[in-house]
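Asks: A predicted structure for the sequence below; I have some questions about it.
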Amino acid sequence: MRVVSSLFLPVLLAEVWLVTSFNLSSPSSEAPIHLESQDQTYENRTWEEYTWTDPSDDENEEFWLRTSQQLSNETSSFGFSLLRKISMRHDGNVIFSPFGLSVAMVNLMMGAEGETKVQLEMGLNLQALSQAGPLTLPALFKRVKETFSRNQELGLTQGSVAFIHKDFDIKETYFNLSEKYFATEYVPTNFLNSSQARGLMNHYIIKETEGKIPKLFDEIDPETKLILVDYILFKGKWLTPFDPIFTEADTFHLDKYKAVKVPMMYREGDFASTFDKKFRCHVLKLPYQGNATMLVVLMEKTGDHLALEDYLTIDLVETWLQNMKIRKMEVFFPKFKLNQRYQMHELLKQMGIRRVFSTSADLSKLSATARDLQVSKVLQQSVLEVDERGTEAVSGTLSEIVAYSMPPVIKVDRPFHFIIYEEMSRMLLFLGRVVNPTVL
């Protein structure tokens, strides 16, 4: 038997929708849905599911604070590394979700064993946290999700749906863990009738995402056994919106020789900002409601933006934040929409995650029939739209950096980078660059 799994992460940031899906396919069978029996699970407690408890009481709060901060830092580092891999392939617009990709891969990691799991842990920078306990990572992501959901002003919600074929032999332990830590809802699906399955899943996703993702599935392999869809909805509204009456067409310089016209928003007010003397870049905070922020990094000279990416680290970003000062200024910021799709499996291979995409993958914790089970691809598609109301989306050394008196006007009229993160956890939600705001 051969089973192939495909993992998709389309992120629609038109009210930030992040969608992740695994596609596990194997030869067809008419057997009913089979979950490993409870007796079998008790006989082989490899996950320690029935003895390990979340350290969630007061005396363990320090543990959660420490590990949550570490999770945020490692996810950010993973995101910056991934940005560098993407930049090696093209120098245009970029938008992706490090957080969303990490959530999906940790969900998959729960089914991995041996070298397959080790490579996933190391590639995601999560080996230290994984060693803290067998279920520490899923529990951490669950707590992050619960924290976000309690903050109604943030406007971020998450969910997970699994479309499962009637004869796929998924282990009950994995089934239960997926429900517990990722709140996965399972929907019976007959993949042998691919057109019917495609219609059912598209209808379900349209309903779950409030119509933001009208056609997620174009083709369905009739031998598919399991598709897991994780979605994230982020409706970011500026803490202080831009007034549309001041939005006017203005020039955006693509490079020294080319320029385009874009709708340029304008607002006068108090902004937190700093200037990095080493990298010669302005760093500006544009806060959302609910303690989220877009950090805009604008190089002083047009054309220097790509050179910055080799040096982007969590320490550099933290230093920028520590050196910010609030001052009254005028800000011009372009309206734009990005739509990017990446073959993440190719990028992940470059980061050392190879075995899960090969015939030697070990996903024995996911299925009892794990022989030849492998992941075929990981895709992420992101759409980011920024306007006067906010963002709607569905995905150096300290001595060299100073907070200085920024000019009274900052005009974002040349290529820039953006970082969208949640303030309390410092979790990196979205990362990207805008080279041409008129190109999707």
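Replies: Yep, it's here.

Asks: going forward, measure contacts and count neighbours with C-alpha atoms only.
Replies: Noted.

Asks: Mind listing what's buried along the longest strand along the chain?
Replies: The longest strand of the chain (DSSP state E) is strand 259-276. For strand 259-276, a neighbour-count test (16 or more other Cα atoms under 10 Å) marks 262-267, 271-276 as buried.

Asks: Output it in CSV, but only the C-alpha positions, please.
Replies: C-alpha atoms of strand 259-276 as CSV (Å, rounded to 0.1, in the frame of the first residue of the first chain):
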residue,chain,number,x,y,z
ALA,A,259,7.7,54.2,-10.6
VAL,A,260,4.0,53.5,-10.4
LYS,A,261,1.0,55.4,-9.1
VAL,A,262,-0.8,54.1,-6.0
PRO,A,263,-3.5,55.2,-3.6
MET,A,264,-1.5,56.8,-0.8
MET,A,265,-3.2,57.0,2.6
TYR,A,266,-2.4,59.9,5.0
ARG,A,267,-2.6,60.4,8.7
GLU,A,268,-1.2,62.9,11.2
GLY,A,269,-0.7,61.9,14.8
ASP,A,270,1.5,60.2,17.4
PHE,A,271,3.6,57.3,16.0
ALA,A,272,6.2,55.1,17.6
SER,A,273,9.3,54.9,15.5
THR,A,274,13.1,54.6,15.4
PHE,A,275,16.0,54.7,13.0
ASP,A,276,18.7,52.1,12.6
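
Asks: Which strands and helices lie in contact with it?
Replies: Packing partners of strand 259-276 (3 or more Cα pairs under 8 Å, 6 or more residues apart in numbering; DSSP states H and E): strand 248-253, strand 281-287, helix 314-322, strand 325-334, strand 401-402.

Asks: how about the lengthiest helix in the chain: buried residues?
Replies: Determined from DSSP state H, the single longest helix within the chain is helix 61-87. With burial defined by 16+ other Cα under 10 Å, the residues of helix 61-87 counted as buried are 64, 67-68, 70-87.

Asks: which helices and strands sit right next to it?
Replies: Counting contacts by 3+ Cα pairs under 8 Å, 6+ apart, helix 61-87 packs against helix 98-109, helix 127-131, helix 136-150, helix 314-322, helix 344-350, strand 427-434.

Asks: coming back round to it: out of the helices and strands packed on strand 259-276, which one sits most buried?
Replies: Across the helices and strands packed on strand 259-276, the average number of neighbours (mean count of other Cα atoms under 10 Å) peaks for strand 281-287, which reaches a mean of 22.

Asks: Kindly calculate the angle that it makes with strand 259-276.
Replies: Put simply, strand 281-287 runs at 90 degrees to strand 259-276, going by axes from the mean of the first three to the mean of the last three Cα atoms, to 10 degrees.

Asks: Partner strands of strand 281-287, with direction?
Replies: Using DSSP bridges, strand 281-287 pairs in its sheet with strand 259-276 (antiparallel), strand 292-299 (antiparallel).

Asks: what comes into contact with that strand?
Replies: Here strand 281-287 makes contact (Cα atoms under 8 Å, 6 or more residues apart in numbering) with 238-240, 271-276, 293-300, 320.

Asks: distance of the residue nearest to M265 when sequence neighbours are not counted from K145?
Replies: In space, and not counting its chain neighbours, M265 is closest to T247: 4.4 Å by Cα to Cα, 6 or more residues apart in numbering. Going from T247 to K145 by Cα to Cα, to the nearest Å gives 36 Å.

Asks: and the closest residue to S68 other than its chain neighbours, how many neighbours?
Replies: Excluding its sequence neighbours, the residue lying closest to S68 (Cα to Cα, 6+ apart) is L140, at 6.6 Å. Residue neighbour count, defined by other Cα atoms under 10 Å, stands at 19 for L140.

Asks: which residues does L140 contact?
Replies: 64, 67-68, 71.

Asks: ok, and for whichever helix or strand M122 is part of, which residues are buried?
Replies: M122 belongs to helix 114-123 when elements are defined using DSSP states H and E. Judged by neighbour count using 16+ other Cα under 10 Å, the buried positions of helix 114-123 are 115-121, 123.
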